[in-house]
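J.: sharing a sequence plus its predicted fold:
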Amino acid sequence: MDRTDIEREYFAKGYTAVAGVDEVGRGPLAGPVVCAAVILPVEEEKQIEGINDSKKLSAKKRERLAQRIREVALAYCIVEVDEGTIDEINILQATRLGMKRAVEGLSISPDMVLTDGNMTLDVAFEQKSIVKGDALVCSIGAASILAKTYRDALMAEYAKKYPQYGFERNAGYGTAEHIRAIRENGLCEIHRKTFAQKFSGNAESNLPVHT
């Protein structure tokens, strides 16, 4: 996916700023969910080759693309929603909140918002959800790359503070190594209690766990 074909379709219909929105980190046991919104130019000479769903790219390619996206994008915004908020309002609502803040934080107000999957946002802009949008829509793929590289870097920093959990390797996801570390050390400040409590051996393990 190298071209902004879907964005160009909207441009041809009279739209001038089409924003792609995506998130990374709905499933981990620790750390924030990170959402990003991106408005890309549609001119041929400004196309970014290689954009795709961030999960399908190597870490090295993601980093290279993230730098290029920041250079070329007309506007972008990256937002964290922390583990406390996730525990309080649940991961789906936290993701919607992060996406809303990312869209509203753009320096250019979009006239169309494209989201991945089946996500409806509480925003004042026209919007459309696209299944597998991160692999089909250039701006959504760009948003997923920015969110992924940002979150991975953040979790690597958390690994320095909480080295026992291997966050630099698992990014907070529920790997065997991570679950074993929770059982041995309990939960740290950035764990999502409603996700991870059942692995800690704590008496409060009957709290609901989201997947």
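T.: Received it, and whenever you're ready, just let me know what you need. Residues are numbered from 1 along each chain as shown.

J.: does anything pack onto the helix-or-strand element of the chain with minimal mean pLDDT? Which helices or strands?
T.: Least confident helix or strand of the chain, by mean pLDDT, DSSP states H and E, is helix 133-136 with a mean of 90. Applying 3 or more Cβ pairs under 8 Å, 6 or more residues apart in numbering; DSSP states H and E, we find helix 133-136 packed against strand 18-24, strand 112-116, helix 138-161. Heads up, the C-betas are built off the backbone N, CA and C, glycines and all.

J.: do that again at 10 Å, thanks
T.: helix 5-12, strand 18-24, strand 112-116, helix 138-161 (3 or more Cβ pairs under 10 Å, 6 or more residues apart in numbering; DSSP states H and E).

J.: run the chain-centre distance for it.
T.: 13 Å (Cα atoms, centre = their mean, to the nearest Å).

J.: ditto for stretch 146-162
T.: For stretch 146-162, the distance to the chain centre is 12 Å (Cα atoms, centre = their mean).

J.: then stretch 129-140?
T.: With Cα atoms, centre = their mean, you get 13 Å for stretch 129-140.

J.: now do the buried residues in it.
T.: I130, G133, D134, A135, L136, V137, C138, S139, I140 (16 or more other Cβ atoms under 10 Å).

J.: out of the residues you listed, who's nearest I108?
T.: S139 (12.4 Å; Cβ to Cβ).

J.: sorry, back to before: distance to L97 and mean pLDDT for the helices and strands packed on helix 133-136 - can I get that in TSV?
T.: Shown next, in TSV, are these (distance: least, Cβ to Cβ, whole Å; pLDDT from 0 to 100):
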stretch	distance to L97	mean pLDDT
helix 5-12	25	93
strand 18-24	11	97
strand 112-116	13	96
helix 138-161	14	97
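
J.: looking at those, which is nearest to N52?
T.: Among those, if distance is taken as Cβ to Cβ, the winner is helix 138-161, at 5.4 Å.

J.: and the contacts of the next helix-or-strand element following that closest one?
T.: Downstream of helix 138-161, the first helix or strand assigned by DSSP states H and E is helix 167-170. The contact list for helix 167-170 (Cβ atoms under 10 Å, 6 or more residues apart in numbering) reads 28-31, 152-161, 173, 175-179, 181, 188, 190.

J.: chain center to helix 167-170: distance?
T.: 17 Å.

J.: list the buried ones in it?
T.: So helix 167-170, judged by 16+ other Cβ under 10 Å, has buried residues F167, N170.

J.: any weak-confidence spans in this structure?
T.: Along the chain, segments meeting pLDDT under 70 span 1-2, 202-211.
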